[in-house]
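> Predicted model and sequence below, questions to follow.
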Amino acid sequence: MEYRLTLSNLPTSVRGYVYLEEDGVPRIVLNSNLTREQNLLTLKHEVEHIERGDVFDPTYNEYGTEE
């Protein structure tokens, strides 16, 4: 599965996230303020969302709350 990866200066409470870009390719954003080890765990977590198809489902909400 193709995806793009970005490191970004995020609040430390945000480990990372994934979203679909306009061309339909998932973009994973990791927090540059966290350790390499934490970012590897977050990367694995976000790739699992891509592989399960969560990122392609507009009704999916990881935290189980309504927007």
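The structure has been received and is ready for your questions.
> If you average pLDDT per helix and strand, which one of this protein comes out bottom?
Lowest on mean pLDDT, DSSP states H and E among the helices and strands of the chain sits strand 16-20, with a mean of 94.
> now that strand, how far from the chain's geometric center?
3 Å (CA atoms, centre = their mean, to the nearest Å).
> Let me see the residues that make contact with it.
3, 10, 26-31, 39, 42-43, 45-46, 49-50, 55-56 (CB atoms under 8 Å, 6 or more residues apart in numbering). C-beta coordinates here come from the backbone N, C-alpha and C atoms, glycine included.
> Paired strands for it, with orientation please.
Looking at strand 16-20 with DSSP bridges, its partner strands are strand 26-31 (antiparallel).
> residues touching residue 56, list them.
For residue 56, the contacting residues are residue 20, by CB under 8 Å, 6+ apart.
> residue boundaries of the helices in this structure?
Applying DSSP state H to the chain gives helices spanning 36-52.
> low pLDDT regions in this structure?
Residue ranges of the chain with pLDDT under 70: 64-67.
> one step back: tilt between the least confident helix or strand of the chain and helix 36-52?
Between strand 16-20 and helix 36-52, the angle formed by their directions is 30 degrees, by axes from the mean of the first three to the mean of the last three CA atoms, to 10 degrees.
> ok, back up a step: type out the PyMOL command that picks the buried ones from the contacts of strand 16-20.
Buried residues within these, by 16 or more other CB atoms under 10 Å, are selected in PyMOL with:
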select buried, resi 3+10+26+28+29+30+31+39+42+43+46+49+50+55
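> Can you point out the buried residues in the least confident helix or strand of the chain?
For strand 16-20, by 16+ other CB under 10 Å, it's 16, 17, 18.
> which among those gets closest to residue 61?
The nearest member of the buried residues of strand 16-20 to residue 61, counting by CB to CB, is residue 17 at 12.3 Å.
> what are the bridge partners for that closest one, then?
Beta-bridge partners, per DSSP bridges, of residue 17: residue 29.
> How much space separates it from residue 38?
Using CB to CB, to the nearest Å, residue 17 is found at 14 Å from residue 38.
> ok, now residue 5?
Taking CB to CB as the measure, residue 5 falls 15 Å from residue 38.
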